[in-house]
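J.: model this:
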Amino acid sequence: MIAAASKAVKLYLAPVLAFTATLLSLLAFLAPSVLLHSQVSLISVGPSTEKSAPTILMGALGSCSRPNDKSPFKCTTPSLSPAYDLSALPSNTPHIISSPTSATPVFILISLIFTSTFLFMFTLFSLRSKLGSALSARLDSPFAHRAVAWLGLLGFMIGLTAFLVLRMWFGKSVDDFNVGISELGNAAPAIVASVGNGFKMIYAAYAFLAVPVVLSLSELHTKTGSKSAA
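T.: Residues are numbered from 1 along each chain as shown. Down below sits the predicted model:
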């Protein structure tokens, strides 16, 4: 029974987790300027009370904003060097929220390419017994196992590191912005900055991705050990 469960995890659950992780990472990377304009962001500025106030959602590629809760969101053009549109904020608002350096979105994009390739190759490896003996033999080579394991590990490490850098960058921006608002006293606009829900998607994505990555590394270790023993 344990062997059957282990086989099911390897053949079916792990590829599903890899697909889910890739999808969540992609959505968090593209939002809000490309899609999910009003639903997902990495950092947001919005009303601190029930009063109508400007709302700005920011992500790795750009921002979306609206002057009040009755207006539609208008988004900037997606870019690896984004410039956030903060014009909807009141004139006395401290404009201390800045976009990250272009290197961070580039590293995230590279990690997504690695992770997407890993997803495709890992799924082929999981189902290789159903793909015919010739293709299965090629996929079972040590080189193929090494390539898949490295793709998964590099995608995981580069992406996680880049998103952690973004989390620290935006966390500092949120703290500085809210301190600046509080220093305005009674003249302060009724807005507050907060870290967006996109990071929750990222945490879930990399928790899911860890499973297939560990499986690919363990299979590489097994293949390498078997070859050494032979």
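J.: Would you state the secondary structure element containing the residue nearest the centre of the chain?
T.: For the chain, the residue sitting closest to the mean C-alpha position, by CA atoms, centre = their mean, is Ser25 at 3.2 Å. Assigned by DSSP states H and E, Ser25 belongs to helix 14-30.
J.: Now that the residue nearest to the centre of the chain has come up, it's in contact with Ala205, right?
T.: Yes - using CB atoms under 8 Å, Ser25 is in contact with Ala205, at 4.5 Å. Yep, even glycine has a C-beta here, placed from its N, CA and C like the rest.
J.: re the thing from before, which pLDDT does the model give the residue nearest to the centre of the chain?
T.: We have a pLDDT of 93 for Ser25.
J.: quick check: longest helix of the chain.
T.: helix 142-182 (DSSP state H).
J.: check which helix or strand covers Ala193.
T.: strand 191-195.
J.: Could you tell me the angle between the helix or strand following that strand and helix 14-30?
T.: Per DSSP H and E, strand 191-195 leads on to helix 198-229 as the next helix or strand towards the C-terminus. Computed by axes from the mean of the first three to the mean of the last three CA atoms, to 10 degrees, the angle separating helix 198-229 from helix 14-30 equals 140 degrees.
J.: what pLDDT, on average, does helix 198-229 get?
T.: 79.
J.: and it, what does it pack onto?
T.: helix 14-30, helix 103-126, helix 142-182 (3 or more CB pairs under 8 Å, 6 or more residues apart in numbering; DSSP states H and E).
J.: repeat that with 10 Å
T.: Contact here means 3 or more CB pairs under 10 Å, 6 or more residues apart in numbering; DSSP states H and E; on that basis helix 198-229 packs against helix 14-30, strand 43-47, helix 103-126, helix 142-182.
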